[in-house]
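Asker: coords please:
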Amino acid sequence: MQETTDLPPREEYINATLEHSARVELGDGELKNYVAGLPFPLIDPQDPKAGEKVAWNYRYRDQGETAQYWPTSSVITSAGSVERSNKFYNASMYGMHRPRPDANLATWEKEGIFSKQYTLMLAPSDVEGGQTLGVTHDKDTITHEQWVYDPKTRRIRKVVYNIYQASGNADYLMEDWNGFNGYIHVYEWKYLGEKIILVPGFIKTAEPKLGGRGNWYPVDPWELRKVVVIEAIPKESHPAYSRRVIYIDLQASWIPYSLAFNRKGEHSRTFFMVHRNPESSPENKGIRIPILSVQTSIDYHTERAGLFMPHKVIYNQPLEEKMFETGALMRRGK
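Answerer: Sure thing, here's the model as predicted:
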């Protein structure tokens, strides 16, 4: 075990919270009067909407203005062997609710676009050159949009984005990313309280250490951290889960782990998110944003785990808006 890491949000985000949070209210699939920072810095445990407010806090955590990842995504058997794997490049840019509102992207803000995501497949050869462009709307009730570029046909097509589908070659769902990446409005949220628990620590090395069955589990030193716990129950039938239990770090606003229960109510999946201390990353010194080092998504029914491991992460380096246009997929295509 290691000492608890002190990693408060960056000053711009704290200042935005102090300036704007008092006017924020819950809306229908979006927040009213939300500008920037943490929407609800003070949570009343007796508030029947406390769980939902925590979920909105997580959605609008500080994720920087831009993020670039160079990860490997693999499926690992219980024996520790790699069943399949791919490599890709991913870039995200946030157009709304930046800590300094004058830095928002005017066009995206006008269109209600919270963020865009670009992905380029690098390996293996049968998927190399494939590209996707995703759009996340600020209003939670608007479905994400996605376009796909196929290098074999050199065509771009818009596809139906299904958050309940498996992500790439992995077994976990799109909404399982980072412990929870789903729509807030499709769940009933319950506040379960604050706790001090032992979680995977902020590692100070370039690569995380994994061990245990299948090499699925984080074995770098863990640390004690204060978290808030919420439960998410689908309002309608979910294809995989009857509920989720999500642990969110109160200082750094990341999910160290979350639990998913199948439709029979059995604990079926565990998601561990190990983050790197940004002070140990030369490219990210001073950003004060947790750097995802690995996500392991363990499925106890199939006895396999998805492993998402970024080998390089860069925050807040300038990216051009045109990088996130559909026409750019063709220009970059093979």
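Asker: center of this protein - which residue?
Answerer: N178 (3.7 Å; CA atoms, centre = their mean).
Asker: can I assume that one sits in a helix?
Answerer: Yes. Applying DSSP: H, G, I helix; E, B strand; the rest coil, one finds N178 inside a helix.
Asker: Would you mind measuring from it to L18?
Answerer: N178 is 26 Å from L18, where distance means CB to CB, to the nearest Å. All C-beta atoms are positioned from the backbone trio N, CA, C, and that covers glycine.
Asker: returning to what we had before: pLDDT score for the residue nearest to the centre of the chain?
Answerer: Looking at N178, its pLDDT reads 93.
Asker: how many neighbours does M330 have?
Answerer: Around M330 sit 13 other residues, with neighbours defined as other CB atoms under 10 Å.
Asker: Distance from the least confident helix or strand in the chain by mean pLDDT to the middle of the chain?
Answerer: In the chain, no helix or strand scores lower on mean pLDDT, DSSP states H and E than helix 326-332, which sits at a mean of 91. Computed by CA atoms, centre = their mean, to the nearest Å, the chain-centroid distance of helix 326-332 equals 25 Å.
Asker: So what touches that helix?
Answerer: Residues outside helix 326-332 that contact it (CB atoms under 8 Å, 6 or more residues apart in numbering) are Y118, L120, Q131, L133, W147, Y149, R154, I156, K322.
Asker: from those, which would you call buried?
Answerer: Burial by neighbour count, 16 or more other CB atoms under 10 Å: within these this picks out Y118, L120, Q131, L133, W147, Y149, I156.
Asker: one step back: enumerate the positions of the least confident helix or strand of the chain that are buried.
Answerer: Result for helix 326-332 [16+ other CB under 10 Å]: buried residues A328, L329.
Asker: Let's see it as PDB, backbone CA atoms only.
Answerer: These are the backbone C-alpha positions of helix 326-332, laid out as PDB (Å, rounded to 0.1, in the frame of the first residue of the first chain):
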ATOM      1  CA  THR A 326     -16.300  13.800 -41.800                       C
ATOM      2  CA  GLY A 327     -14.400  15.000 -44.800                       C
ATOM      3  CA  ALA A 328     -11.100  14.600 -42.900                       C
ATOM      4  CA  LEU A 329     -11.700  10.800 -42.900                       C
ATOM      5  CA  MET A 330     -11.400  10.700 -46.600                       C
ATOM      6  CA  ARG A 331      -8.400  13.000 -46.800                       C
ATOM      7  CA  ARG A 332      -6.500  10.800 -44.300                       C
END
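Asker: what two of the contacts of helix 326-332 are the furthest from one another?
Answerer: R154 and K322 (19.4 Å; CB to CB).
Asker: for the residue lying closest to D28 once chain neighbours are set aside, helix, strand, or coil?
Answerer: Spatially, and ignoring its direct neighbours in sequence, D28 is nearest to T141 (7.1 Å; CB to CB, 6 or more residues apart in numbering). Look at T141: counting by three-state DSSP, its state is coil.
Asker: ok, T141 - contacts?
Answerer: Contacts of T141 were listed using CB under 8 Å, 6+ apart, and they are D28, G29, E30, Y183, H185.
Asker: Now do it against R61, distance only.
Answerer: Distance of T141 to R61, computed by CB to CB: 20 Å.
Asker: can you check D176 too?
Answerer: Note on D176: its distance to R61, by CB to CB, is 17 Å.
Asker: go on, V219?
Answerer: From V219 to R61 the distance is 26 Å (CB to CB).
Asker: re earlier: please identify which of D176 and R61 sits among more neighbours.
Answerer: Comparing D176 with R61 by other CB under 10 Å, the one with more neighbours is D176, at 27 against 18.
Asker: Do I have it right that F261 meets R243?
Answerer: Yes. Counting by CB atoms under 8 Å, F261 touches R243, with 5.1 Å between them.
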